[in-house]
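In: With the input below, show me the fold.
(2 chains)
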Amino acid sequence: MPTFTMRVFRGDPRGGDFKEYHVDSDEGMVVLDVIHKIQATQANDLACRWNCKAGKCGSCSAEINGKPRLMCMTRMNTFPEGEPISVAPIRTFPLIRDLVTDVSYNYEKARQVPPLRLKPPEADGTYRMMQEDIDRIQEFHKCIECFLCQDVCHVIRDHDLKKSFAGPRFFIKIAELDMHPLDTVDRTEFVGKQAGIGLCNITKCCSEVCPEHIHITDNGIIPMKERMADNFDPIVWLLRKFRGQRKSPA
Amino acid sequence: MAKNEYETHEHDVLVIGAGGAGLRAAIEAAAQGVSVGLVCKSLLGKAHTVMAEGGIAAALGNVWPEDNWQVHFRDTMRGGKMLNNWRMAQLHAQEAPERVLELERWGALFDRTKDGRILQRDFGGHRYARLAHVGDRTGLEMIRTLQYHAIHQGIDVYMECKVERLLKDDQGRVVGAFGYWRNTGKFVLFKAKAIVLATGGIGKAWKITSNSWEYTGDGHSLALWAGADLIDMEFVQFHPTHMVWPPSVAGLLVTEGVRGDGGTLKNKDGVRFMFNYIPEFFKGETADNEAEADRWYTDKKNNRRTPDLLPRDEVARAINAEVKAGRGSPHGGVFLDIATRRPADYIRRRLPSMYHQFKELADVDITKEAMEVGPAQHYVMGGVRVDADSTAATVQGLFAAGEVAGGMHGSNRLGGNSLSDLVVFGRRAGLYAALYAKDFGGPLAVNGAQLDAIGQESLEPLTGSGNENPYAIQAELQETMHKLVGIIRRESELKEALKKIATLKERVKKVRVEGGRTYNPGWHTALDLRSLLTVAECSAMAALERKESRGGHTRDDHPYADDTWGKINNVLRLRDGAITLTREPLPQMPDELRALLQERK
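Out: The predicted structure follows:
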């Protein structure tokens, strides 16, 4: 049974540092297992978030060897033996303690997104939607809100423009609502002004770290930027009017 | 007392728990125009509902027009071996379709039929394909939909907040809750005219479970400590299919949808062994040969259901027996094979999470090889005794919905009936709690001295002189429940379990954790142990009392179902500091509903 050297960040807003722990690894272990083992046997108070341990709840986000990942989906046998493995909190958000950060920014942004407003239903009170019309949106519905995309986004991480920028998670949330076949809300102004999509310069860092492999940039952000541009195109605007695809403002 | 300082929030309705039931309750209460607070132990949207995979059961009749609430009611009652609260089963079957359509109106995108309606899939114990679903991540879709609907309803959400105790006034009404913020460790008082419990289950009392750290029986214990009745606590569901290897992922759920979509269980000799385990009770509706079982997927009128989709208790027992007889897989499970039965692209489309999960965590490609699976603790049928229509508990001002409530599923829950339970009874809980709050008379008065005592007790693990490790006690409890209160039980072992629980209860008093009050999981674990040990004791007590085998309670020493026991609920109460058990008659259903159970259409 190999022994791993783990360098886990311990600290709070006043300061902190990496602390070394040595842990025996069982077959198939993931980083979260190792953290739990440290908790149970060496540091009862080591703070971390987790819930499902199956890559579905997005609670255990951390920076493992500097890379933003889910601890529950990162297997120990992917690291070279003998080298220490560092585990740090996602550092874009204010630290609470050890591996736990204050992610309330994301919940504030979530509330600002104008919600769905559906067309009236069919005569029988239900809706009809074709599978092919929702297939594209299902990709965005896979989001587990781990906020790794938010963590790695330069606009939030390096420039700290939290106030004027919603971040990749909420661009695909908006995309998901906009692409809903029955939605009637126009979020164009929101996307441009409050969500600040113009600040994104498409470095695709968000897509790279997404554990659900959502094409955040290619399928979400870029088409949204294009739609924004289209909105100022008088011909497209006229066509849209002609075709009757007008949406009511949010 | 400076360290027991606390902040105070006041609401008409306080909902504890923000999974499917809690969110739906909060939404409904807010719709009634009352002020609503929603407390959750984790961040919003992380509750265990997120883990639900296969789907939400509702007799929409989109795939099989023959389906209706009566058939769903019948399946639910038979799945629960007739121990269900009939009225809950009826309301559930009648209201589930409207709740599913409501989720769609709020943005949920279920997989579609060819004509654009909600597609439904086969699941164990359901006569027709009945589960609305989104691939195999239905729970995620549901919680996200409810979450994003709820945040626009003016509900105050208190995240990462844990309630330690419910508070009553002089008239014996529940009027508040006292707890702490996990972030800061500071205390918080909620004053509320009505409280809805939606805290989920008790799975963390077992070693191998699909449940997350949150499932420590908080709501069950809060209710019991406040004087409310619990029922049916002996009935624990061991879902038949979870990953068994590698060890670190043991207990990770493998959706019943694998079998619903054509997967079959095999032992190490390649035998589809479920045909050898068809109980008398289900013989009439279950195929006894492979050809008929395979035809059933496409022709339900002329064929009987595959035994792979018997209710969960039956399948879990069968797997257990195969492994015991030495016919299991290399890592102590059995094989679940969909690779040889369905095309690879079909599997990836229908079961994307399963594909991903096995690939990433076990290096197994489920489109090419069989999965190794085995049973794990998954759900508790027992819970807070409630009035079927209003979800009111037996203490005034307290309501309960979802897994924390008992009665709906009888002795065994059918797959897919949990998500529907959450929204059907979540809505009812929110509605009736709001109506109760509107009628609430007199002052909202909590006893301050009580708060100091709870605060003091909560801080003991940080200040006491003991040396017990909370994680070690938790692990011992899990081992005990796993070995002695597992799938197959017997009197001597249950008695041993109760003795062990008693010693652990003593040891918990001596728990000591390092660190302070700021986000300290050691401290949180120590506090959760109190509720965890309470529900473990309830479960073992009720299991010892029930001398028969039924649903999620199998007794080696009483292997058959007993008609007398079939009319009894075990009721647990806290009286003078001790948990007491009484047998009480099961509510009897009216004749017109009983007639539905006889029919075999």
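In: residues touching B:Thr340, list them.
Out: B:Ala370 (Cβ atoms under 8 Å, 6 or more residues apart in numbering or on different chains). From N, CA and C alone the C-beta is placed, and that goes for glycine too.
In: what about it, which SS state?
Out: coil (DSSP: H, G, I helix; E, B strand; the rest coil).
In: For B:Leu351, see how far away it is.
Out: Between B:Thr340 and B:Leu351 the distance is 15 Å, computed by Cβ to Cβ, to the nearest Å.
In: One more: B:Asp556?
Out: Here B:Asp556 is placed at a distance of 35 Å from B:Leu351 (Cβ to Cβ).
In: Look at those two and report which has more neighbours.
Out: Legend: neighbour count by other Cβ atoms under 10 Å in any protein chain shown for B:Asp556 and B:Leu351, higher for B:Leu351 (28 against 12).
In: Does that one touch B:Arg259 like I think?
Out: No. Look at B:Leu351 against B:Arg259 with Cβ atoms under 8 Å: they stay out of range, at 10.9 Å.
In: got a pLDDT number for residue 17?
Out: Answering for chain A, as no chain was given. For A:Asp17, the pLDDT comes out at 98.
In: that's the other chain; I wanted chain B
Out: So B:Gly17 comes in at 98 (pLDDT).
In: What is the burial count for it?
Out: Neighbours of B:Gly17 (other Cβ under 10 Å): 32.
In: cool, and A:Thr5?
Out: So A:Thr5, with other Cβ under 10 Å, has 13 neighbours.
In: What does it show for phi and psi?
Out: The phi and psi torsions at A:Thr5 (degrees, to the nearest 10) take the values phi -100, psi 120.
In: Please name the residues that touch it.
Out: With Cβ under 8 Å, 6+ apart, A:Thr5 has these contacts: A:20-22, A:83-85.
In: and if you look at B:Pro375?
Out: B:Pro375 neighbours (Cβ under 8 Å, 6+ apart): B:238-242, B:316, B:319-320, B:487.
In: out of those, who's nearest chain A?
Out: B:His242 (10.6 Å; Cβ to the nearest Cβ).
In: ok, and the closest non-adjacent residue to the closest one?
Out: B:Ala376 (4.1 Å; Cβ to Cβ, 6 or more residues apart in numbering or on different chains).
In: in the sheet, who's paired with the one you found?
Out: Using DSSP bridges, the bridge partners assigned to B:Ala376 are B:His239.
In: So B:Leu435: helix, strand or coil?
Out: Assignment for B:Leu435 (three-state DSSP): helix.
In: Taking the stretch 1-150 of chain B, what residue is nearest to chain A?
Out: The nearest approach of the stretch 1-150 of chain B to chain A comes at B:Gly116, 3.6 Å away (Cβ to the nearest Cβ).
In: Counting neighbours, what do you get for the residue nearest to that residue when sequence neighbours are not counted?
Out: Of all residues not flanking B:Gly116 in the chain, A:Arg128 sits nearest, at 3.6 Å (Cβ to Cβ, 6+ apart). Using other Cβ under 10 Å, A:Arg128 is surrounded by 15 other residues.
In: Isn't A:Arg128 up against B:Lys114?
Out: No. Using Cβ under 8 Å, A:Arg128 is not in contact with B:Lys114; the gap is 11.0 Å.
In: Need the overlap of contacts for these two.
Out: Counting by Cβ under 8 Å, 6+ apart, no residue touches both A:Arg128 and B:Lys114.
In: Helix, strand, or coil at B:Trp332?
Out: Wrong residue type there; residue B:332 is Gly, not Trp. Following three-state DSSP, B:Gly332 is assigned to coil.
In: Is it correct that the residue of the stretch 1-150 of chain B closest to chain A falls within a strand?
Out: No. Using three-state DSSP, the assignment for B:Gly116 is coil, not a strand.
In: A:Glu132 is in contact with that one, correct?
Out: No. When contacts are counted by Cβ under 8 Å, B:Gly116 is not listed as touching A:Glu132 (10.2 Å).
In: Neighbour count: the two, which is higher?
Out: Applying other Cβ under 10 Å to B:Gly116 and A:Glu132 shows that B:Gly116 carries more neighbours, namely 17 against 8.
In: Tell me the confidence at the more buried one?
Out: B:Gly116 is given a pLDDT of 96.
In: can you check A:Phe140 too?
Out: Each residue has a pLDDT score; the one for A:Phe140 is 97.
In: now do B:Glu599
Out: So B:Glu599 comes in at 59 (pLDDT).
In: Count the neighbours of the closest residue to chain A within chain B for me.
Out: Nearest to chain A, among the residues of chain B, is B:Pro246, at 2.1 Å (Cβ to the nearest Cβ). The local packing of B:Pro246 (other Cβ under 10 Å) involves 19 other residues.
In: Show the contacting residues for the spatially closest residue to it that is not a sequence neighbour.
Out: Of all residues not flanking B:Pro246 in the chain, A:Gly28 sits nearest, at 2.1 Å (Cβ to Cβ, 6+ apart). The contact partners of A:Gly28, by Cβ under 8 Å, 6+ apart, come to A:75, A:77, B:245-249, B:361-362.
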